[in-house]
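[1] coordinates for the following, if possible.
(chains A and B)
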Amino acid sequence: MAQAQFTTHHGMVDILPDEARKWQHIESVIRQTAREFHFGEIRTPVLEQTGLIARGVGELTDIVSKEMFAFQRGDDQYVLRPEGTAPVARSFVQHRLEQRGGVQKLFYIGPMFRAERPQKGRQRQFHQFGAEMLGSADPMADAEIIAFMATVYRKLGITNTVLKINSVGDPASRKAYKEALQNFFEPHQCHLSNVSKTRLTQNPMRILDSKEEEDQPLIEDAPVITDYLSEESLAHYTAVKRHLDALGIAYQETPRLVRGLDYYTRTAFELTSPDLGAQDALGGGGRYDLLIEEVGGQPTPAVGFASGMERLLIACEALGIPLGEASQLDVYMVTRGEEARNWALQHAPLLREKGLSVAMDYAGRSIKAQMKEANREQARFAVIAGDSELESGLFTLRDMAESTETALSFDEIRTKITPTLN
RNA sequence: GAGCCUGUAGCUCAGUAGGUUAGAGUGCCAGGUUGUGGCCCUGGAGGUCGUGGGUUCGAACCCCAUCAGGCUCCCCA
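    Purely as a prediction, here's the structure:
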């Protein structure tokens, strides 16, 4: 491979036009879904203050402790955002969105950054779409958020997914549960893996989603959080499940589901796909009733989800779901001679005004080469212009699929060709 | 951060007892048709064999390092 002098950074990739078409398709499904659920788009900066992420996501999380792209400039600490929820929470507080009344419903699509070791379905710059509902503690909000996420996948035809849900409780129930876990694991400490041993003191709940084999038998018997939920949290959880049932959204209760971000309270969920290998999470989310306060706002209950675009692409590909048609070229203007090229350059806009896509040769190549290109680009029509056509005012309109030609004036051509739908 | 595997033309890949100017298919460009595509024929361009060292008379092939990718661990989207 001829090595380029400059290349993308480790774990960061270019998305070229063929690939970008797929992204556009997925994005349009997301935007359409957002419209149907009546969520407004929010676009926050890619750079945030490091303190916001550290506080919002949690100092002890992997994301903050070892995966941040952060730098200092002057007195300011910048970080490339590793996720979307903390920035949305910041924006909510900064712009006093609670003053607008009602529940704020926001969605976003954009790049996130984490300095992890790249592998399939995991990049250092990756893209997420997500949605947040701020200002509602109602279990219906949880159900709507999950429905939003599920709808995107359903529309795209990704059906072999599993929705896992759990409740991680409120602070009080979580405290009780953590103690119960510590009491349970402590006597068996010597049977735990090394990672889990350290988690025992720092964050015992994380032991539950350990993949270490030696931990599995113990995890099986570990106490279940649902037994430690406060009355309110249990009622909330029950209501969320009831609403999902009513919506016809299938789910799997997963008492051991714990998410890696600190801000979750009560509802936690994750959508997984068997097509993704080691990184099997398509998306996930939950309720974060304490985050807004944590980043300096009034106490505000909220719930949201985030989903990985790259993983969505992988899932589509695995299922053979076609994404994004090649853009249709309506007219290729084939020219011979400088005069004809000038004519084409000046008349192409008159076709484009009608919404037609129009291409021409910019390299002064032979008619044959231009026809070849028209064919490659799957043009519907070729308009051929040379000296004789310019003189007579009648141009050759060639239907590429039919291989038929007619002599028409430019006005007739302009009237005859109409844009293809889509 | 750790382990294993891979790295030859734009793309998919051949190419070891280490030995002269490194190959195929496809794509690209051109000619066959002096103004016309898709099929066919012919020709051409394109690779310092990921990069840097080392071993050797000689390395795409052996050794080391490095970079990039893949799979797994960790964790997450």
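
[2] what's the mean pLDDT across stretch A:195-213?
    For stretch A:195-213, the per-residue pLDDT values average out at 74.

[3] could you do stretch A:351-361 as well?
    Mean per-residue pLDDT for stretch A:351-361: 96.

[4] end to end, how far does it reach?
    Distance between the two ends of stretch A:351-361: 16 Å, counting by CA to CA, to the nearest Å.

[5] can you point out the buried residues in that stretch?
    A:351, A:356, A:357, A:358, A:359, A:360, A:361 (16 or more other CB atoms under 10 Å). Bear in mind the C-beta positions are built from the backbone N, C-alpha and C, glycine included.

[6] contact partners for residue A:390?
    Applying CB atoms under 8 Å, 6 or more residues apart in numbering, one finds that residue A:390 lies in contact with A:339, A:340, A:343.

[7] hang on, the earlier thing: return the subset of the buried residues of stretch A:351-361 lying in strands.
    Cross-referencing the buried residues of stretch A:351-361 against strands under DSSP state E gives A:358, A:359, A:360.

[8] and residue A:413, what pLDDT?
    As summarised for this prediction, residue A:413 has a pLDDT of 97.

[9] find the residue closest to it in space, skipping its chain neighbours.
    residue A:397 (5.5 Å; CB to CB, 6 or more residues apart in numbering).

[10] so the one you found sits in a helix?
    No. Per DSSP: H, G, I helix; E, B strand; the rest coil, residue A:397 lies outside any helix segment and is strand.

[11] and chain A, what are its domains?
    Following automatic domain parsing, one gets these domains for chain A: A:17-170+A:230-319, A:331-421.

[12] closest one of the ones in strands among the buried residues of stretch A:351-361 to residue A:167?
    Checking those against residue A:167 with CB to CB, the nearest one is residue A:359 at 56.4 Å.

[13] before we move on, back to that, go through the buried residues of stretch A:351-361 and name the one nearest RNA strand B.
    For these, the closest approach to RNA strand B (CB to the nearest atom of the strand) belongs to residue A:361, at 9.7 Å.

[14] out of the ones in strands among the buried residues of stretch A:351-361, which touch RNA strand B?
    Among these, no residue is within reach of RNA strand B (CB under 7 Å from any atom of the strand).

[15] please pull out the lowest mean pLDDT helix or strand from chain A.
    In chain A, no helix or strand scores lower on mean pLDDT, DSSP states H and E than helix A:194-202, which sits at a mean of 74.

[16] ok, the buried residues of stretch A:351-361 vs residue A:218, which is closest?
    Here the nearest of those to residue A:218, counting by CB to CB, is residue A:357; it sits at 62.4 Å.

[17] sorry, back to before: now the two most distant members of the buried residues of stretch A:351-361.
    Distance extremes for the buried residues of stretch A:351-361: the farthest pair is A:356 and A:361 at 17.2 Å, using CB to CB.

[18] and residue A:348, how many neighbours does it have?
    Other residues near residue A:348 number 17, with proximity taken as other CB atoms under 10 Å.

[19] I'd say residue A:129 and residue A:109 touch.
    Yes. Checked against CB atoms under 8 Å, the pair residue A:129 and residue A:109 is within contact range at 4.4 Å.

[20] now list whatever residues contact both of these two.
    Where contact means CB under 8 Å, 6+ apart, the residues bridging residue A:129 and residue A:109 through contact with each are A:27, A:30, A:309.

[21] filter the residues you listed down to the buried ones, PyMOL style.
    Those of the shared contacts of residue A:129 and residue A:109 that meet the burial criterion (16+ other CB under 10 Å) are gathered into one PyMOL selection, given here:
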select buried, chain A and resi 30+309
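
[22] close to RNA strand B: what parts of the stretch 201-350 of chain A are there?
    A:206, A:209-212, A:259-261, A:270, A:277-284, A:306-308, A:310-311, A:336.

[23] same thing but at 6 Å, please
    The stretch 201-350 of chain A comes close to RNA strand B at residues A:206, A:209-212, A:259-261, A:277-284, A:306-308, A:310-311, A:336, as judged by CB under 6 Å from any atom of the strand.

[24] show me which of these are buried.
    Buried positions within those, assessed by neighbour count (16+ other CB under 10 Å), are A:206, A:210, A:259, A:261, A:279-284, A:306-308, A:310-311, A:336.

[25] ok, back up a step: just the ones of the shared contacts of residue A:129 and residue A:109 in strands?
    Residues from the shared contacts of residue A:129 and residue A:109 lying in strands, with DSSP E as the criterion: none.

[26] list the beta-bridge partners for the residue nearest to residue A:413.
    Partner residues in beta bridges with residue A:397: residue A:383, residue A:406, with DSSP bridges as the criterion.

[27] how about it, what does it touch?
    If a contact means CB under 8 Å, 6+ apart, then residue A:397 has A:381, A:382, A:383, A:384, A:405, A:406, A:407, A:408, A:413, A:416 as its contacts.

[28] roughly how far apart are the fourth one and residue A:116?
    Plainly put, residue A:384 is 55 Å away from residue A:116 if you go by CB to CB, to the nearest Å.

[29] looking at these two, which is more packed in?
    More neighbours sit around residue A:384 than around the other of residue A:384 and residue A:116, counting by other CB under 10 Å; the figures are 22 against 16.

[30] which ones among the contacts of residue A:390 are found in strands?
    Using DSSP E, none of those sit in strands.

[31] relative to RNA strand B, which of these is nearest.
    Proximity of these to RNA strand B (CB to the nearest atom of the strand) peaks at residue A:340, which lies at 8.4 Å.

[32] nearest residue to the closest one in space, please, no chain neighbours.
    residue A:385 (4.4 Å).

[33] ok, residue A:54 next?
    The spatially closest residue to residue A:54, leaving aside those adjacent along the chain, is residue A:64, at 5.2 Å (CB to CB, 6+ apart).

[34] count the neighbours of that neighbour for me.
    One way to gauge burial is a neighbour count; for residue A:64, by other CB under 10 Å, it gives 21.
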